[in-house]
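1. give me a model of this one.
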Amino acid sequence: MKSDSPKTFHVKSFGCQMNVYDGERMAEMLGAEGYVAAADGADADLVVLNTCHIREKAAEKVYSDIGRLKRADGSRPTIAVAGCVAQAEGAEIARRAPSVDVVVGPQAYHRLPDLIARAARGEKAVDLDMPLESKFGALPKRAGGQRPTAFLTVQEGCDKFCTYCVVPYTRGAEISRPFADLIAEARALVAGGVREITLLGQNVNAWDGEDDKGRAIGLDGLIRELAREDGLERIRYTTSHPNDMTDGLIAAHGEIDKLMPFLHLPVQAGSDRILAAMNRSHSVESYLKIIERVRAVRPDIAISGDFIVGFPGETDADFEATLDIVRATNYAMAYSFKYSRRPGTPAATMDDQIDEAVLNERLQRLQALLNEQQQAFNEATVGRTTRLLLERKGKLDGQLIGKSPWLQSVHVIAPGLKIGDMVDVRIVSAGANSVGAELLMEAVA
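-> Prediction:
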């Protein structure tokens with residue numbers, strides 16, 4: 001352990017978009033304390049592993065990364081483990097990885113600089129509290145960066161208690177950040193050059209609050225207010241729960257031009273029996289009715305989802321029902337995973353755990369169908385003219401990559417243009433994971 005505080009740092013985030021946001025905020029906080037970001041963890045004085053605990057392999061990857069931080073000369077950086085693995089396995093981390101200097105949960109990372117200083121003095125530096133006061137007030141003010149897109153956490157925690165999920169135990173109860181704080185943070189991002197904001201939450205559409213006139217509003221009200229901000233061109237939100245898809249939020253998809261035609265709405269399974277065992281509190285029928293209503297107000301909307309195959313007790317008929325709901329919904333893209341037993345969750349002790357070979361076979365069949373639908377969606381957009389926000393460089397000379405309104409990765413040859421520009425393009429080709437486009441020069445902003 002070094003006797004002095006680290007001067008350079010590297011933050012590596014695993015898992016969900018909220019972890020990406022948390023990692024960015026930790027980096028901003030360390031920068032405000034005088035630390036300098038390193039290109040990677042190889043030579044950094046401090047490495048922060050911002051962890052995910054949703055699946056077992058994600059947790060195990062953290063321990064592998066810790067081991068790789070030891071350098072050839074026997075030295076190592078100061079190591080901080082943050083995030084959901086830290087919250088769930090604080091004592092286990094200390095046992096399995098004594099080289100870790102700091103352990104901090106996702107609701108306490110605003111105390112990271114103090115914990116690093118304590119570790120440098122040789123003190124035990126563990127903070128797994130879930131304090132009632134908001135951590136956000138202790139973080140530095142936001143500012144735009146090098147990217148034209150940004151995440152903005154509006155809601156944290158979960159009260160749904162799905163039987164397979166650790167989030168209520170690692171992130172705590174649902175809380176909504178205050179309206180005024182969110183507007184101020186969004187304005188700071190836009191002032192710094194951000195043109196697209198994605199609102200984040202474990203159940204983002206559970207956000208509620210009072211606007212500047214004291215009126216109770218939901219997520220749709222927040223989106224409507226953000227849409228009034230000059231310079232903010234696009235708004236997205238994720239991840240949603242079917243039970244929190246309000247009439248106002250559905251209507252917003254047909255009324256707010258800046259709200260992109262994309263909805264990520266996890267269903268997890270297509271069997272009502274399995275949904276009940278998961279404690280999902282929605283049915284196949286209610287889910288499909290939401291999709292129908294959203295498409296009625298925004299016919300071109302792209303639907304995304306999440307699926308878990310092989311939940312305890314899932315029969316062949318239950319799995320076939322999942323394939324049926326995929327066919328009925330016709331997804332533009334989706335994420336699918338084998339059920340992963342997480343200690344402390346009710347599902348971990350259920351009978352009828354599914355054999356690994358069956359899990360693998362079902363996942364392959366599901367992913368084959370989802371991939372087929374994604375390819376078909378991409379092909380259906382060929383010939384469309386759309387607006388593209390350029391986000392990063394491509395592999396070819398003059399090539400830039402951006403996201404379409406439907407969240408497709410779009411490759412376009414755009415000499416003379418730069419990241420952050422918005423351009424009109426025509427989609428001319430479709431692959432499994434991206435589409436190609438040609439530039440229409442009459443509209444560049």
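
2. for the stretch 101-250 of the chain, what spans make up the helices?
-> Using DSSP state H, counting those that start in this stretch, the helices of the stretch 101-250 of the chain run over 112-120, 167-170, 179-191, 219-226, 247-255.

3. helix, strand or coil for the residue lying farthest from the centre of the chain?
-> The C-alpha centroid of the chain is most remote from residue 73, which lies 37.0 Å away (CA atoms, centre = their mean). What DSSP: H, G, I helix; E, B strand; the rest coil gives for residue 73 is coil.

4. before we move on, the earlier item: lowest average pLDDT across the helices of the stretch 101-250 of the chain?
-> When the helices of the stretch 101-250 of the chain are compared by mean pLDDT, helix 167-170 comes last with a mean of 82.

5. tell me which other helices or strands it touches.
-> helix 84-88 (3 or more CB pairs under 8 Å, 6 or more residues apart in numbering; DSSP states H and E). In this view, the C-beta of every residue, glycine as well, is placed from N, C-alpha and C.

6. what helices or strands is the helix it packs on leaning on?
-> For helix 84-88, the packing partners by 3+ CB pairs under 8 Å, 6+ apart come out as strand 46-51, helix 56-68, helix 167-170.

7. contacts for the longest one, please.
-> Applying CB atoms under 8 Å, 6 or more residues apart in numbering, the set of residues contacting helix 56-68 from outside is 12, 14-15, 49, 51-53, 79, 81, 85, 88-89, 96-97, 99-100, 340-342.

8. mark which of those are buried, thanks.
-> 14-15, 49, 51-53, 79, 81, 85, 88-89, 97, 100, 340, 342 (16 or more other CB atoms under 10 Å).

9. buried deepest among the helices and strands packed on helix 84-88, which one?
-> Among the helices and strands packed on helix 84-88, ranked by average contacts under mean count of other CB atoms under 10 Å, first place goes to strand 46-51 (a mean of 26).

10. and the contacts of that one?
-> Residues outside strand 46-51 that contact it (CB under 8 Å, 6+ apart) are 6, 8-15, 19, 22-23, 26, 30, 35, 41, 58-59, 62, 65-66, 69, 77-86, 112, 116.

11. show me the shaky parts of the stretch 201-350 of the chain.
-> By pLDDT under 70, the stretch 201-350 of the chain has no low-scoring segment.

12. can you map out the strands along it?
-> Along the stretch 201-350 of the chain, the stretches classed as strands by DSSP state E, counting those that start in this stretch are 208-210, 216-218, 234-238, 262-264, 302-309, 333-338.

13. got the angle for the third one vs helix 179-191?
-> Translated: strand 234-238. Using axes from the mean of the first three to the mean of the last three CA atoms, to 10 degrees, the inter-axis angle of strand 234-238 relative to helix 179-191 is 130 degrees.

14. tell me what strand 234-238 is packed against?
-> Using 3+ CB pairs under 8 Å, 6+ apart, the elements in contact with strand 234-238 are strand 196-200, helix 219-226.

15. what about the first one, average pLDDT?
-> So the one you mean is strand 196-200. Strand 196-200 comes out at a mean pLDDT of 97.

16. for this protein, longest helix please?
-> For the chain, the helix with the greatest residue count under DSSP state H is helix 356-380.

17. measure how far it is from the centre of its chain, please.
-> Distance of helix 356-380 from its chain centroid, counting by CA atoms, centre = their mean, to the nearest Å, is 21 Å.

18. cool, and stretch 427-437?
-> With CA atoms, centre = their mean, you get 24 Å for stretch 427-437.

19. now the end-to-end length of it.
-> End-to-end distance for stretch 427-437, by CA to CA, to the nearest Å: 4 Å.
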